[in-house]
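Chemist: Structure for this input, please:
(one chain, ligands or ions: 2)
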Amino acid sequence: MRRIMLIGAVGSGKSSLIRALLEHEHQVVKTQSLVYHDNLIDTPGEYTENPLFYRSLMATSHQAAAVLLVQDATKDRNAFPPGFAGGFPVPTFGAITKIDHLDANSDQAITLLRQALTEGAIFPTSAHSNRGIKELQAHLAQFMDKQK
Ligand SMILES: Nc1nc2c(ncn2[C@@H]2O[C@H](COP(=O)(O)OP(=O)(O)O)[C@@H](O)[C@H]2O)c(=O)[nH]1
Ligand SMILES: [Mg+2]
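Modeler: Ligands and ions are numbered 1, 2, ... in the order given. Below you'll find the predicted structure:
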């Protein structure tokens, strides 16, 4: 099964974004710390926050069709080190989360994420208002299996 792996800090909105992207949840399978939802793989935020786990994230990404880097629009700090996306063996792209939030600064979040993701589309989203979800779904669909 071709899946997209989501990577981002603790509380950045990965699980909420997955729920917003999935119209119907078919099955959820947990293996160790990864959570498999249909075509999406949720990863622990601790893996993004601790460089000791970077190699593990990169190894796991071999089983994914693509990697989605998640940057919280309410944070003024980089979730990832510069050039981070270049370390993955599969296509990478980005999502800005929580753009509906009172404290969101989407332009700043895009600038921060660009430092880690030199190439690849960035999709501003909100799991609460659903803004940008359709656009992100359409992009993800290119990497996923047609049938489930
Ligand atoms: N305003 C707003 N809050 C969000 C959004 N997505 C997630 N959150 C909040 O951010 C917090 C962390 O979300 P969660 O999905 O658990 O993050 P994770 O740790 O990356 O899986 C929760 O309190 C969510 O309600 C969003 O689109 N808008
Ligand atoms: Mg989560």
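
Chemist: Quick check, residue 15 in contact with residue 43.
Modeler: No. Checked against CB atoms under 8 Å, the pair residue 15 and residue 43 is beyond contact range at 10.3 Å. Any C-beta I mention is one placed from the backbone N, CA and C, and that applies to glycine too.

Chemist: Between the two, point out the one with more neighbours.
Modeler: A side-by-side neighbour count of residue 15 and residue 43, using other CB atoms under 10 Å, places residue 43 first with 23 against 16.

Chemist: so who does residue 122 touch?
Modeler: Residues near residue 122 by CB atoms under 8 Å, 6 or more residues apart in numbering: 93-96, 110, 113-114.

Chemist: Name the residues linked to it by a beta bridge.
Modeler: residue 94 (DSSP bridges).

Chemist: tell me the pLDDT at it?
Modeler: On pLDDT, residue 122 comes in at 98.

Chemist: ok, now the one 10 residues further on?
Modeler: With respect to pLDDT, residue 132 has a value of 97.

Chemist: I'd like to know how many residues surround it.
Modeler: By other CB under 10 Å, 21 other residues sit near residue 132.
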